[in-house]
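Student: let me see the structure of the following:
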Amino acid sequence: MIKKISVCGKGGSGKSVLVTLLAKMLSQRYDVLILDTDESNTGLYKMLNFDDAPETLSDSLGGRKNIMKYWNENRLSDLIHDVIEGKNLITKNRISLLSIGKTLRGGEGCACPLNALVRAFLQVYTVGDDEVLLLDTEAGVEHLGRGNEKYVDAILIIIDPSFESLELAKKARDLAIKLGIADERIYVVTNKADVNTNKILMEGLKERGIESNFIGSIRFDPRIQESALVGLPIIGYNGDVLTDVEKIARRMNLMN
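Tutor: Predicted coordinates for the structure are as follows:
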């Protein structure tokens with residue numbers, strides 16, 4: 001079974017929303033650990049209806065300079081084990097959230113230490129028999145370029161109605177294959193698209209040779225858009241989009 005899933009796409013494509021609704025669906029059967037690897041977006045905990053954001057893994061290790069120090073000393077993996085054992089995450093209704101780190105202050109430097117932390121975490125973390133891990137990645141494909149996805153079982157690429165999203169999906173799929181991810185474990189989903197728009201997106205997938213990776217479409221729902229706009233929880237959503245998410249989960253053999 002697929003245990004570690006990376007959810008990626010361009011900024012605004014709907015990664016965090018899909019991660020939230022997929023976690024809601026999967027938590028009926030599994031413990032779900034969401035690994036927030038987006039150093040820019042700070043609102044995922046609100047979507048999941050947690051009262052506060054968790055302490056980041058970066059902060060618990062003393063910040064970016066300490067991360068690189070521990071990395072150079074080959075101690076990072078052991079320290080991550082300690083954090084995991086200490087359950088440095090927040091949990092509600094079988095859904096847990098762990099954040100890698102956020103860029104909150106000017107002059108903090110590049111995200112290289114955070115990416116090193118993501119890779120180390122994915123290398124050492126063993127997903128339990130009744131658990132699924134979902135990665136909510138930063139926008140774009142840098143995480144793939146850095147090789148983080150070497151340590152996942154599948155990649156779910158979200159496409160919104162834009163040319164840029166189609167281009168990024170092709171690039172993400174090609175990079176994933178170079179990392180050793182089997183093509184049948186690379187899934188493409190269109191999001192926020194009506195029937196006519198989806199036809200155009202499907203033509204775009206065909207032109208780029210990735211139509212065989214397509215496993216489903218998620219309809220647009222203004223209630224989700226409004227909740228995301230004002231920072232309301234999305235985990236309680238019970239509309240038609242959940243039917244689309246369930247179909248995707250079944251096509252990924254996450255639900256039987």
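Student: quick one: the helices in the stretch 1-150 of the chain?
Tutor: Using DSSP state H, counting those that start in this stretch, the helices of the stretch 1-150 of the chain run over 15-26, 44-47, 57-60, 64-72, 76-85, 112-124, 142-145.
Student: repeat that for the stretch 151-256 of the chain.
Tutor: 163-178, 195-207, 222-230, 241-251.
Student: pick out the shakiest of the ones you listed, pLDDT-wise.
Tutor: If you rank the helices of the stretch 151-256 of the chain by mean pLDDT, helix 222-230 sits at the bottom with a mean of 91.
Student: off-centre distance for that one?
Tutor: 19 Å (CA atoms, centre = their mean, to the nearest Å).
Student: and the closest residue in space to residue 143 that isn't next to it in sequence, how far from residue 256?
Tutor: In this structure, residue 143 finds its nearest non-sequential neighbour in residue 137, 5.1 Å apart by CB to CB, 6 or more residues apart in numbering. All C-beta spots, glycine's among them, are computed from the backbone N, C-alpha and C. Distance, residue 137 to residue 256, using CB to CB, to the nearest Å: 27 Å.
Student: so which of those two has more stuff around it?
Tutor: residue 137 (25 against 6; other CB atoms under 10 Å).
Student: contacting residues for that one?
Tutor: If you count contacts by CB atoms under 8 Å, 6 or more residues apart in numbering, residue 137 has them with 6-8, 15, 37-38, 143, 148.
Student: check residue 144 too.
Tutor: By CB under 8 Å, 6+ apart, the contact list for residue 144 reads 8, 172, 175-176, 179.
Student: in PyMOL, select just the buried ones from these.
Tutor: Typed into PyMOL, the line below selects the buried ones among these, using 16 or more other CB atoms under 10 Å:
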select buried, resi 8+172+175+176+179
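Student: determine which two of the contacts of residue 144 are furthest apart.
Tutor: Across the contacts of residue 144, the longest distance by CB to CB is 12.3 Å; it joins 8 and 179.
Student: in stretch 188-208, what's buried?
Tutor: Neighbour counts over stretch 188-208 (16+ other CB under 10 Å) mark 188-193, 198, 201, 204-205, 208 as buried.
Student: then that stretch to PDB, C-alphas only?
Tutor: This file holds the C-alpha atoms of stretch 188-208, laid out as PDB (Å, rounded to 0.1, in the frame of the first residue of the first chain):
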ATOM      1  CA  VAL A 188      -2.500  14.000 -11.700                       C
ATOM      2  CA  VAL A 189      -5.700  15.700 -10.500                       C
ATOM      3  CA  THR A 190      -7.400  18.700 -12.000                       C
ATOM      4  CA  ASN A 191      -8.900  21.100  -9.500                       C
ATOM      5  CA  LYS A 192     -11.500  24.000  -9.400                       C
ATOM      6  CA  ALA A 193     -12.600  23.200 -12.900                       C
ATOM      7  CA  ASP A 194     -16.100  23.000 -14.500                       C
ATOM      8  CA  VAL A 195     -16.800  20.500 -17.300                       C
ATOM      9  CA  ASN A 196     -15.800  22.800 -20.200                       C
ATOM     10  CA  THR A 197     -12.600  24.000 -18.400                       C
ATOM     11  CA  ASN A 198     -11.700  20.400 -17.600                       C
ATOM     12  CA  LYS A 199     -11.900  19.500 -21.300                       C
ATOM     13  CA  ILE A 200      -9.300  22.100 -22.100                       C
ATOM     14  CA  LEU A 201      -7.100  20.900 -19.200                       C
ATOM     15  CA  MET A 202      -7.400  17.300 -20.500                       C
ATOM     16  CA  GLU A 203      -6.200  18.500 -24.000                       C
ATOM     17  CA  GLY A 204      -3.300  20.200 -22.200                       C
ATOM     18  CA  LEU A 205      -2.400  16.900 -20.400                       C
ATOM     19  CA  LYS A 206      -2.500  15.000 -23.700                       C
ATOM     20  CA  GLU A 207      -0.300  17.600 -25.500                       C
ATOM     21  CA  ARG A 208       2.300  17.100 -22.700                       C
END
